[in-house]
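> Kindly return the folded structure for what I paste below:
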Amino acid sequence: MQGTPIFLAVIPLFLLVAEIAWSRLSDRGVFSLADSLSNLGTMVVNSILKPLTVAWVLLVLSLLEPLQLFRLPDSGLAFLVTFVVTDFAFYWYHRLSHELPLLWTLHHTHHSSPWMNLTTALRLNWIAKFVTPLFFAPLVLLGLSPEFVAASLALGLLFQFLLHTQSVGSLGRFEGWLLNTPSAHRVHHGSNPQYIDKNYAGVLIIWDWLFGTYAPEGEPVRYGVTTGFVSHNPLVVQFQPLWKYIHGEWRREKQIAAEQVELRRAAT
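You can find the predicted model right below:
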């Protein structure tokens, strides 16, 4: 049991090495050294912040847990219910992170890379690590175990790590049915007009079907944001959007894309 955390840490590293080998052998060019180093640097800071973020989560949960009117018994069925409810909540948190400008300043970090590979999954905003628990902690008030909620989020993030790749093509009949896939998540990272604000799901793609936000992968995906390249400097990637928001210079991707379409129409 003591080796389990090390084993789980080795799996992503092994997959990353395999993806790099696939990229070089297939001459796909899905990696940029500068971009990947920036992503890894972001991960290092998130790792340093880990004790603070864990302490913050424990504080938030400790304040809400006594307010539970009831609690589901700890069982396999209760964990399954918790996982589905947490994944549903993730869909809405993810969607709001695109639709609400302030949250988008944080989530923008993850979408700003023009490349799509497993290191892109590590490109997470440092401030968001303290905001996210505030959204999911109220699930405890529904009677869900705090430990089950935390475990569900952890499993969901591990699953989503696997989605950030171009090495897995379309899964055919399995696309858009039950589980999220690399193809569906590539769409989510696209700046193509028809791909913006699509495929918010974490694990279960059914939420996108239910709420009309599913889109299959069609034309080649243009990764990144509609405003183009941001920076390889992790500090710029992390804080530039929030800085612009504070100074009133921030708009949603869909609004920017619509303005670009109007400009092209006017030019013709």
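> how close does residue 65 get to residue 56?
According to Cβ to Cβ, to the nearest Å, residue 65 stands 15 Å off from residue 56. (Glycine included, C-beta is placed from N, CA and C.)
> Hmm, I typed the wrong one, I wanted residue 98.
Taken as Cβ to Cβ, the span from residue 98 to residue 56 is 24 Å.
> okay, those two: which has more neighbours?
Legend: neighbour count by other Cβ atoms under 10 Å for residue 98 and residue 56, higher for residue 98 (21 against 17).
> could you list every residue that touches the more buried one?
Applying Cβ atoms under 8 Å, 6 or more residues apart in numbering, we find residue 98 in contact with 104, 107, 197, 200, 252, 253.
> Now a ChimeraX select for only the buried ones of those residues.
If you want just the buried ones from the contacts of residue 98 in ChimeraX, going by 16 or more other Cβ atoms under 10 Å, the selection is:
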select :104,107,200,252,253
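> Next, give me the two most distant ones among the contacts of residue 98.
Distances among the contacts of residue 98 were taken as Cβ to Cβ; the most separated pair is 200 and 252, at 14.3 Å.
> rounded to a whole number, what's the mean pLDDT of stretch 185-196?
Across stretch 185-196, pLDDT averages out at 95.
> can you list the weak-confidence ranges in the chain?
By pLDDT under 70, the weakly predicted segments of the chain are 1-9, 27, 253, 257.
> What segments of it are helices?
For the chain, the helices defined by DSSP state H cover 4-26, 33-64, 76-99, 101-111, 128-136, 146-161, 182-188, 206-210, 234-246, 253-267.
> Deepest in the core, which of those is it.
Among these, helix 182-188 has the highest mean neighbour count (mean count of other Cβ atoms under 10 Å), at a mean of 22.
> Can you list the neighbours in contact with that helix?
Residues from elsewhere that reach helix 182-188 (Cβ under 8 Å, 6+ apart): 116, 160, 162-171, 175-176, 195, 198-201, 205, 208, 214-217, 221, 223.
> mind exporting it as CSV, just the C-alpha atoms?
Extracted C-alpha coordinates of helix 182-188, given in CSV (Å, rounded to 0.1, in the frame of the first residue of the first chain):
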residue,chain,number,x,y,z
PRO,A,182,-9.8,12.7,-26.1
SER,A,183,-11.7,13.6,-29.3
ALA,A,184,-14.4,15.4,-27.4
HIS,A,185,-12.0,17.2,-25.2
ARG,A,186,-9.9,18.3,-28.2
VAL,A,187,-13.1,20.1,-29.3
HIS,A,188,-13.3,21.8,-25.9
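> Distance from the chain centre to it, please.
Distance, stretch centre to chain centre, for helix 182-188: 11 Å (Cα atoms, centre = their mean, to the nearest Å).
> And for stretch 189-207?
Centre-to-centre, stretch 189-207 and its host chain are 11 Å apart (Cα atoms, centre = their mean).
> just stretch 54-72 next, same as before
With Cα atoms, centre = their mean, you get 24 Å for stretch 54-72.
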